[in-house]
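Participant: sequence and computational prediction follow.
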4 protein chains.
Amino acid sequence: MSRDAPRGRAAYRHFATITLRWADNDAYGHVNNTVYYAWFDSAVNAWLVGHGLLDIAAGDPIGLVVETGCRFFAPLAFPGEVEVGIAIERIGTSSVTYRLGVFAAGADDPAAEGHFSHVYVDRAQRRPVPLPDAWRETLSALE
Amino acid sequence: MSRDAPRGRAAYRHFATITLRWADNDAYGHVNNTVYYAWFDSAVNAWLVGHGLLDIAAGDPIGLVVETGCRFFAPLAFPGEVEVGIAIERIGTSSVTYRLGVFAAGADDPAAEGHFSHVYVDRAQRRPVPLPDAWRETLSALE
Amino acid sequence: MSRDAPRGRAAYRHFATITLRWADNDAYGHVNNTVYYAWFDSAVNAWLVGHGLLDIAAGDPIGLVVETGCRFFAPLAFPGEVEVGIAIERIGTSSVTYRLGVFAAGADDPAAEGHFSHVYVDRAQRRPVPLPDAWRETLSALE
Amino acid sequence: MSRDAPRGRAAYRHFATITLRWADNDAYGHVNNTVYYAWFDSAVNAWLVGHGLLDIAAGDPIGLVVETGCRFFAPLAFPGEVEVGIAIERIGTSSVTYRLGVFAAGADDPAAEGHFSHVYVDRAQRRPVPLPDAWRETLSALE
């Protein structure tokens, strides 16, 4: 279990605003831990689509998730919005590890902090491919 | 199966904007039918909380879903946003049937149209209670 | 809102057993209404795959959901299992309307009852196609 | 990113069988990464309820998730079942870290491996409490 202090907003290069949903709250009345990972998936992939890199339906490569993790610091609850910060922790030959932070709307301190590692693969065979130069250049905005 | 023509935006009194999520898309690459119901739940309950009627954690009454239905006209897909229109179709002694329409951002024609019936119950016993006057008055904005 | 009495187990031709999940319970501590629709999707599609009709990844036709509805009679809660009954209500040229009933494990009376209409379309264009004879014959087991 | 080799079935003390659902498959036709965490939540909490420790609706303490992580080795897809192995990695004063492994039905090698840390808190204040002796004794079956 990592003991590092949570990072503030300055650690992120882009923020995605996500509306909470009724079913995000679990039986304890707060957002379930799995939902944070759904936000990570959404924030990273929306950024990739929005910057012309990922085409979910037909493009190549696609990104498969090989490792994720999250530490939870404070509860969140529907209704409302969260802001999910994204930055790149590390770019490898075929993979990118993103750093993510979840902030209640307007909050300075994160409610949760995680990482999300994508390996980029060809759509048909799903084997790792070197990250295309266009991806590398565009992704540098998140470093 | 209802054969009524889908209703346009004028049939709704309030619109909730909801951000799509990666996992909304199913194996066919479009938003899964169950997600529309998750939006209905979110739009109705966020309105009730936002207008001071519903307190999910501690208030009384709470609304339990007794019937829902939806017709699907056109596919939607992550990433993006939808606008979910709400209006009241019928108010009974203890129940409210909401009419809902899902619109792709900016679209005139709905992607789906549904209904969502809540019966209002006391939190402890979960038996129907007459809708409080304050609820009735506030809800009239959706009629 | 339909006033028909709920149907018992005899109204169904096949039962799918589904394990409940933590996140099925919502903030009110019972299974959220949207989850029943997730079970409908799962029960119908697993039957179609298991009987050699549907190939989700590559087959033709595929089934798109055009209308669903559900009435909720009694709460359910994780942990545990449910049995989801399936039968066919109506077969059209390109569409099938399934009747579904959700039963707590071993219960005689349903916790919920719904319908689920699929239109079968070609994978590429997603336009309705006549239901193939092999589908019609196999599906007759659910009538 | 951990480089440890994935653990086989012998690393686990209990296996929960979970039925896959249609919506577990995402746009790439395999089970979405967030779903594995939903299984972790389900396997751990069902075990706790089934052994008389956790009462989701009214008991004390309850378990809140403070950290999770998962490595993904091989894809899974609906329809079918998975077996989720559970064991205890570490018991602290108020917290338990569970080790989890997801196996396709009958497989020797895991499709994914993760950890899931619960801190046990009193229901009202949600502050950590020492793990009760009865919990400690019962949980020893998972060590």
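Facilitator: Structure's in. What do you need?

Participant: mind listing the helices for chain A?
Facilitator: Along chain A, the segments classed as helices by DSSP state H run A:33-50, A:133-139.

Participant: for the spatially most central residue of chain A, give me its contacts.
Facilitator: Centroid-nearest residue in chain A, with C-alpha atoms, centre = their mean: residue A:40, separated by 3.1 Å. Residue A:40 sits next to A:68, A:70, A:84, A:98, A:100, A:114, A:116 when contact means C-beta atoms under 8 Å, 6 or more residues apart in numbering or on different chains. Using the backbone N, CA and C atoms, a C-beta is placed for each residue, glycine as well.

Participant: near chain D, which residues of chain A are found?
Facilitator: Residues of chain A found near chain D (C-beta under 8 Å from any C-beta of the partner chain) are A:1-2, A:27-28, A:32-35, A:37-38, A:41, A:56-57, A:62, A:64-72, A:75, A:97, A:117, A:126.

Participant: show me which of these neighbour chain B.
Facilitator: Within these, those near chain B by C-beta under 8 Å from any C-beta are A:38, A:41, A:56-57.

Participant: need the nearest residue in space to the closest residue to chain D within chain A, chain neighbours excluded.
Facilitator: Of all residues in chain A, residue A:69 sits closest to chain D, at 3.4 Å by C-beta to the nearest C-beta. Leaving aside its sequence neighbours, residue A:69 sits nearest to residue D:69 (C-beta to C-beta, 6 or more residues apart in numbering or on different chains; 3.4 Å).

Participant: what ranges does chain A have for its strands?
Facilitator: A:14-19, A:62-72, A:81-91, A:95-104, A:112-121 (DSSP state E).

Participant: make JSON lines from these and add mean pLDDT to it.
Facilitator: Compiled in JSON lines, these are given as follows (pLDDT from 0 to 100):
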{"stretch": "strand A:14-19", "mean pLDDT": "98"}
{"stretch": "strand A:62-72", "mean pLDDT": "98"}
{"stretch": "strand A:81-91", "mean pLDDT": "98"}
{"stretch": "strand A:95-104", "mean pLDDT": "98"}
{"stretch": "strand A:112-121", "mean pLDDT": "98"}
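
Participant: let me know which of these is the nearest to residue D:16.
Facilitator: Closest to residue D:16 of the strands of chain A is strand A:62-72 (C-beta to C-beta; 20.9 Å).

Participant: give me the helices and strands touching the closest one, please.
Facilitator: helix A:33-50, strand A:95-104, strand A:112-121, strand D:62-72 (3 or more C-beta pairs under 8 Å, 6 or more residues apart in numbering or on different chains; DSSP states H and E).

Participant: turn these into a markdown table, including distance to residue D:122.
Facilitator: Below are these laid out as a markdown table (distance: least, C-beta to C-beta, whole Å):
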| stretch | distance to residue D:122 |
| --- | --- |
| helix A:33-50 | 19 |
| strand A:95-104 | 24 |
| strand A:112-121 | 22 |
| strand D:62-72 | 8 |
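
Participant: nearest to residue C:12, out of these?
Facilitator: Ranking those by proximity to residue C:12 (C-beta to C-beta) places helix A:33-50 first, at 31.4 Å.

Participant: contact partners for residue A:96?
Facilitator: A:63, A:88, A:90, A:117-118, A:120, A:131, A:139.

Participant: from these, which is closest to chain C?
Facilitator: Using C-beta to the nearest C-beta, the contacts of residue A:96 come closest to chain C at residue A:63, 18.9 Å.

Participant: so who does the closest one touch?
Facilitator: By C-beta under 8 Å, 6+ apart, residue A:63 lies in contact with A:44-45, A:48, A:54, A:96, A:118-121.

Participant: any idea how far it is from residue B:22?
Facilitator: Distance, residue A:63 to residue B:22, by C-beta to C-beta, to the nearest Å: 11 Å.

Participant: now do residue A:36
Facilitator: 13 Å.

Participant: mind pulling up the pLDDT for the nearest residue to residue A:122 once chain neighbours are set aside?
Facilitator: Distances taken as C-beta to C-beta, 6+ apart place residue A:129 nearest to residue A:122, at 5.2 Å, with adjacent residues excluded. Looking at residue A:129, its pLDDT reads 98.

Participant: okay but residue A:129 is in contact with residue A:123, surely?
Facilitator: No - counting by C-beta atoms under 8 Å, residue A:129 sits too far from residue A:123 to count as a contact (9.9 Å).

Participant: pretty sure residue A:76 contacts residue A:110?
Facilitator: No - at 10.5 Å, residue A:76 does not count as touching residue A:110 under the criterion of C-beta under 8 Å.

Participant: thinking again about what came up before, most neighbours per residue, which of the helices of chain A?
Facilitator: helix A:33-50 (a mean of 24; mean count of other C-beta atoms under 10 Å in any protein chain shown).
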